[in-house]
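K.L.:
quick one: sequence and predicted model below, then my questions.
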Amino acid sequence: MKSRIVSVALVLALAFAIMPSLQGAYADTPTTTLSIGASHNFTVTNAEGQYFRWEDGVITGTMKVYGQRILADPIQVQAIVDTSPSYTLKSDNNQDNLFHVTGDDVVALVEASKDKSITIGTDKGVGYARVNGKKTTYTIMLGLQNNGSGGVIFSGRSKGSAEARDTLKGVALTGANDITSLLRNDSNFNEKSLKFIPYRDPVVFSSFTKKPFKVSGAVVLSGKESKVISNVRSYRIADDAIMLTWAKVKAAKGYNVYRYDSQKKAFRKVKTINGKEYVMYVDRGLSLNTAYRYKVRPFALDKGKKKAGKASYYVRSVTQSSTRANAAGVTASKKSVKGKAGTKLTLTAKVTAAPGMKLFDSSVRWFSKDRRIASVTSSGKLTLKAKGSTYVRAKAHNGMTASVKVVVK
């Protein structure tokens, strides 16, 4: 995915470098510049139904083309055409294509996998980029018109169409339903990236000029690796569906997901995930107003056979209920603790639900990141043990966490 983002940014930089010279001769004519990275023939259609076709180096069709330029190695076709709200590209032979549009209201670029149509344009002065297909793999770059300088690049997958749109509230991504990457470049070429899993439609990213991003409608994933399963969370993403996420395990070849069976009074495996990168699972078709408990366990390969690692702590969430809500936040009684080895004290934490909702489970469990420095019981009794610093964490029933820094002198 990273190499695809680099290629998109490179083509975009090239397009910006040569477009002023193309547009200068047509300053009095309302136009839009289209740039298409092509290794094959394609057709571009505008919102009015006009089209132009590029076939073996020749442009033909009903759309008025004021200027054109062909760059080789790799081939890039650039055309100055009539202003229109949007343009759609469809390639021959179902091959990959890059499609870039620049105008007064939009700067966007899309790279999509084969058998897709790509649409870029404006809607009431707001820029958007869309990829349509039964299954879509895409990279969408969208210039920020309303939310600061620079641009954003989304890379991900969707079962259907995916669209990025610049709005007054931020940049909205609609249709994505897989692990997705976001890369942001500001005017000083500073970069910030994250991975996320959409669970609402659309996902909105705001405050791009600040760090960290403000994200709504998505679960932001940690890119960190650990030796054991950590950061396990459960989310209700639909009335009858619960999603699990966790941090990837460095030595894992995959994960097994277990759900508690109340009749057998034991955890039962419900899913095997191959590959350490895919750190999510959605459990669908669940009963309403019911709490479900899960664990995740990594596995490695030893001489071709699966070797199970240590299972995670359990998390649980309740499905749609008019009377019970999952934890929305956790607050610890202290943000930090300092003391000498041998010091003992008790920590507490408060779990809260969304405003107006009744909490399903108010209990917390405490964990220590490094028990050699500080140990803590599940009820919060802390013991400082050896010089150094670490964190202890209070976890709510669904894995939401409050951290306390511990420094032992």
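P.N.:
Ah, there it is.

K.L.:
where does the chain dip in pLDDT?
P.N.:
Residue ranges of the chain with pLDDT under 70: 1-30, 38-39, 73-74, 93-109, 111-115, 125, 144-150, 185-190, 208-212.

K.L.:
which strand of it spans the most residues?
P.N.:
The longest strand of the chain (DSSP state E) is strand 291-302.

K.L.:
which residues does it contact?
P.N.:
With CB atoms under 8 Å, 6 or more residues apart in numbering as the test, strand 291-302 has contacts from 228-229, 232, 234, 242, 244, 246, 249, 251-260, 267, 276, 281, 283, 286, 306-319, 360-361. Backbone N, C-alpha and C define where each C-beta goes, glycine included.

K.L.:
swap in stretch 42-54?
P.N.:
Stretch 42-54 has contacts (CB under 8 Å, 6+ apart) with 34, 36, 38, 41, 59-65, 77, 79, 81-82, 84-92, 97, 121.

K.L.:
which residues touch the residue of the chain most remote from its centre?
P.N.:
Within the chain, the residue lying farthest from the chain centre (CA atoms, centre = their mean) is Gly342, at 43.7 Å. The neighbours of Gly342, taking CB under 8 Å, 6+ apart as the test, are Thr383, Leu384, Lys385.

K.L.:
I'd guessed the second one sits against Gly339; true?
P.N.:
Yes: here Leu384 reaches Gly339: they are 5.2 Å apart, a contact under CB atoms under 8 Å.

K.L.:
and these two? which has more neighbours close in?
P.N.:
Leu384 (23 against 15; other CB atoms under 10 Å).

K.L.:
list the contacts for the more buried one?
P.N.:
Leu384 neighbours (CB under 8 Å, 6+ apart): Val337, Gly339, Lys340, Ala341, Gly342, Thr343, Lys344, Ile373, Ala374, Val406, Val408.

K.L.:
one more time with 6 Å
P.N.:
By CB atoms under 6 Å, 6 or more residues apart in numbering, the contact list for Leu384 reads Gly339, Ala341, Thr343, Ala374, Val408.

K.L.:
repeat that for Leu142.
P.N.:
Ala108, Ala129, Val152, Ala164, Asp166.

K.L.:
and the closest residue to Tyr199 other than its chain neighbours, how far from Leu142?
P.N.:
Nearest residue to Tyr199, sequence neighbours excluded (CB to CB, 6 or more residues apart in numbering): Ile237, at 4.1 Å. Distance from Ile237 to Leu142, counting by CB to CB, to the nearest Å: 25 Å.

K.L.:
the stretch 301-409 of the chain: strands as residue ranges?
P.N.:
With DSSP state E, counting those that start in this stretch, the ranges of strands along the stretch 301-409 of the chain come out as 305-308, 315-318, 329-332, 336-339, 344-346, 349-352, 365-368, 374-376, 381-384, 388-395, 401-408.

K.L.:
Ser158 is nearest to which of those?
P.N.:
Closest approach to Ser158 among the strands of the stretch 301-409 of the chain (CB to CB): strand 315-318, 25.1 Å.

K.L.:
mind saving the C-alpha coords of that closest one as PDB?
P.N.:
This file holds the C-alpha atoms of strand 315-318, laid out as PDB (Å, rounded to 0.1, in the frame of the first residue of the first chain):
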ATOM      1  CA  VAL A 315     -13.800  -8.100  26.700                       C
ATOM      2  CA  ARG A 316     -17.500  -8.000  26.400                       C
ATOM      3  CA  SER A 317     -20.100  -5.700  24.900                       C
ATOM      4  CA  VAL A 318     -23.900  -5.700  24.800                       C
END
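
K.L.:
what packs against it?
P.N.:
Judged by 3 or more CB pairs under 6 Å, 6 or more residues apart in numbering; DSSP states H and E, the packing partners of strand 315-318 are strand 233-238, strand 291-302.

K.L.:
what about the longest one, distance to the chain center?
P.N.:
Going back to what we said before, that points to strand 291-302. For strand 291-302, the separation from the chain centroid amounts to 23 Å (computed by CA atoms, centre = their mean, to the nearest Å).

K.L.:
sounds good, over and out.
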